[in-house]
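J.: model this:
(one chain, ligands or ions: 3)
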Amino acid sequence: MATLGQIIFYSMITLIVVFSALIILILALTFSGSLSEVMSSNKAPIANIGEDKLLSCYLKTQSEKPRVSQVSVTWTKKGLQGLVYRYEDGAPDLKDQNSQFRGRTELFPDTLVTGNASLLMRNVRRSDEGEYTCSISSSDGGGKVNIHLRTAAFSAPKFTFSNGALVAEANRWLPKPNVTWLNPDGDVLQGNTSFSQSSAGIYSVVSVLQPVNISSAYTCRIENDLVISVSTATVTGSGVSENTYFTYSAASSLLASAYLSITTSVFCIYYLT
Ligand SMILES: *[C@@H]1O[C@H](CO)[C@@H](O)[C@H](O)[C@H]1NC(C)=O
Ligand SMILES: *[C@@H]1O[C@H](CO)[C@@H](O)[C@H](O)[C@H]1NC(C)=O
Ligand SMILES: *[C@@H]1O[C@H](CO)[C@@H](O)[C@H](O)[C@H]1NC(C)=O
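T.: Ligands and ions are numbered 1, 2, ... in the order given. Take a look at the predicted model:
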């Protein structure tokens, strides 16, 4: 049977624990409330030359639906004279913009009020490859994030069947890829691949697989260090049925996010202790 003294003692201990937990929670909320951070959903994007690419950059605040005001955004590129883009006082300010980006870059003014400063780059060129920095300042804080844009060319192969051979033709690849054929069991088959290069240095790929069995699904992988295209092709009575998807090299963006989560946790521990 517990004595009154013991009951009071344990009640006190419980209260102290509960209050400490509350204080820690309040402190954590107060500090995190003033924390805003500039982030990117992809710090190592790969753009297809000739197409448009969105470079993601946004201000992450505590609120679910942020409304930020007095936003100014500057996009710069390492080693570049002048700017990629600047937005200030409610309008684009392009007097210092490098001519390489003139008319090819834009922000989304409608989403700036939510802290979204993503940059749309049109008609990406090989020379756009490099290290970009997005800086945001606003009433709700700011910061910067680095984004490493890499450029490549990649296109899905088209398949044809003639004289007992399955032929894959892909006309835009850079850097130079390699081609691997697999049978339905995943065994590597010997194909015959040839390349030709356009004046712009882009490779066109033709790969021939022979012999092939009708109705068997063959896999054709075209890959370089940046992009992998995986196609499944099946010769049918009336032609070839095909289906392709792309995957992108993620090594560097994975590393970047692992690094980010480590710094974030160190940061939190620092504030909580
Ligand atoms: C920012 O805006 C762009 C363009 O509207 C959109 O594609 C992107 O998803 C937005 N990003 C965020 C984090 O809201
Ligand atoms: C075609 O099918 C036969 C019998 O299933 C198999 O032995 C052979 O390896 C196949 N050939 C190819 C190119 O897949
Ligand atoms: C094909 O290229 C990729 C990327 O460059 C490389 O990792 C892979 O080893 C190559 N495969 C062959 C069979 O050469």
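J.: Distance check, the spatially most central residue of the chain against S155.
T.: Compute the mean C-alpha point of the chain, and by C-alpha atoms, centre = their mean the closest residue is N42, 2.8 Å away. Distance of N42 to S155, computed by C-beta to C-beta, to the nearest Å: 21 Å. Every C-beta, even on glycine, is put in place using the N, C-alpha and C of the backbone.
J.: How about F195?
T.: To S155, F195 is 14 Å away according to C-beta to C-beta.
J.: again with S229
T.: 8 Å.
J.: mind giving me the domain ranges of the chain?
T.: 37-152, 158-268 (automatic domain parsing).
J.: Reformat these as JSON lines; add distance to ligand 2 and mean pLDDT.
T.: Converted to JSON lines, the domains of the chain look like this (distance: least, C-beta to the nearest ligand atom, whole Å; pLDDT from 0 to 100):
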{"stretch": "domain 37-152", "distance to ligand 2": "31", "mean pLDDT": "95"}
{"stretch": "domain 158-268", "distance to ligand 2": "4", "mean pLDDT": "87"}
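J.: Quick check: which of those domains is nearest to L22?
T.: L22 lies closest to domain 158-268 among the domains of the chain, at 17.8 Å (C-beta to C-beta).
J.: State the number of residues packed around M12.
T.: As a burial measure, M12 scores 10 neighbours (other C-beta atoms under 10 Å).
J.: M12 is in what secondary structure piece?
T.: Element membership for M12 (DSSP states H and E) is helix 4-33.
J.: ok, back up a step: so which of the domains of the chain is the most packed in?
T.: domain 37-152 (a mean of 17; mean count of other C-beta atoms under 10 Å).
J.: hmm, that domain touching ligand 3?
T.: No: using C-beta under 6 Å from any ligand atom, domain 37-152 never reaches ligand 3; the gap is at least 11.5 Å.
J.: Run a quick check on T244 versus F154, I expect a contact.
T.: No: counting by C-beta atoms under 8 Å, F154 is not a contact partner of T244; they are 10.3 Å apart.
J.: list the residues that contact both of these two?
T.: S229 (C-beta atoms under 8 Å, 6 or more residues apart in numbering).
J.: Report the beta-bridge partners for the residue in the chain that ligand 3 sits nearest to.
T.: Relative to ligand 3, the nearest point of the chain is N178 (3.7 Å; C-beta to the nearest ligand atom). Listed by DSSP bridges, the beta-bridge partners for N178 are E223.
J.: State the distance from the residue nearest to the centre of the chain to G130.
T.: 15 Å.
J.: next one: D89
T.: Look at D89 and G130: by C-beta to C-beta, they are 28 Å apart.
J.: With E51 instead?
T.: 17 Å.
J.: Over to S207?
T.: Counting by C-beta to C-beta - S207 and G130 are separated by 32 Å.
J.: Check P109 too.
T.: In terms of C-beta to C-beta, P109 sits 25 Å off from G130.
J.: again, but for P184
T.: P184 sits 43 Å away from G130, going by C-beta to C-beta.
J.: Please apply the same query to V167.
T.: Distance of V167 to G130, given as C-beta to C-beta: 37 Å.
J.: Spatially, what comes nearest to N146 if we skip its sequence neighbours?
T.: Once flanking residues are discounted, N146 sits nearest to T133: 5.4 Å by C-beta to C-beta, 6 or more residues apart in numbering.
J.: T61 too?
T.: What sits nearest to T61 in space, not counting adjacent residues and going by C-beta to C-beta, 6+ apart, is S36, at 4.5 Å.
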